[in-house]
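*Asks:* pasting the sequence and the predicted coordinates here, then a few questions.
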Amino acid sequence: MTEHLTKETFLSKIFNYEINKEWKFLGERPCLIDFYADWCGPCKMVAPVLEELAEDFEGKLDIYKINTEEEQELASVFGIRSIPSFLFIPMEGQPQMAMGALPKETFIKAFSEVLGVDK
């Protein structure tokens, strides 16, 4: 199941950018964050794929969603200019951003290569 993040939950679960200047991931598992909007067609196409992936990879990684209309500050912190945008966050190292609606296979490949997570 995907989980929606607000600024408050983002600061506690992902990264507190108000305190830290350097990236410091606070999560317990690698994660993917989907920056989306309700009016976005490609975002709607990707949503069921992300729900499937959340089930397939349950306990191995977390999948979060951020509504860019409701959480404009978070969108601007990450420089989100187009949606959907996806932030892949490994346990170690820097997060990586991907843009546009991605097929399921691309997510699975990125989970393995970027996050070090396999089914």
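*Replies:* Noted; the coordinates are in hand.

*Asks:* longest helix in the protein, please.
*Replies:* Longest helix in the chain by number of residues (criterion: DSSP state H): helix 41-56.

*Asks:* neighbouring contacts of it?
*Replies:* Helix 41-56 is contacted by residues 1-2, 32, 34, 36-37, 63, 65, 83-84, 100-104, 107-108, 111, 119 when judged by CB atoms under 8 Å, 6 or more residues apart in numbering. C-beta coordinates here come from the backbone N, C-alpha and C atoms, glycine included.

*Asks:* ok, Pro103 - how many residues close by?
*Replies:* With neighbours defined by other CB atoms under 10 Å, the count for Pro103 comes to 10.

*Asks:* so what's the residue minimising distance to the centre of the chain closest to, chain neighbours aside?
*Replies:* Among the residues of the chain, the one closest to the centroid is Ile33, at 0.8 Å (CA atoms, centre = their mean). What sits nearest to Ile33 in space, not counting adjacent residues and going by CB to CB, 6 or more residues apart in numbering, is Leu87, at 4.3 Å.

*Asks:* tell me which other helices or strands the helix or strand containing that neighbour touches.
*Replies:* Counting by DSSP states H and E, the element that carries Leu87 is strand 85-89. The contact analysis (3 or more CB pairs under 8 Å, 6 or more residues apart in numbering; DSSP states H and E) places strand 85-89 against strand 31-36, strand 96-99, helix 104-113.

*Asks:* excluding its backbone neighbours, what's nearest Ser12?
*Replies:* Leu26 (6.9 Å).

*Asks:* low-confidence ranges in the protein?
*Replies:* Within the chain, no stretch has pLDDT under 70.

*Asks:* these two touch, right, the residue nearest to Ile33 and Met99?
*Replies:* No. Assessed by CB atoms under 8 Å, Leu87 is found out of contact with Met99, at 10.3 Å.

*Asks:* before I go, just wanted to say thanks for your time.
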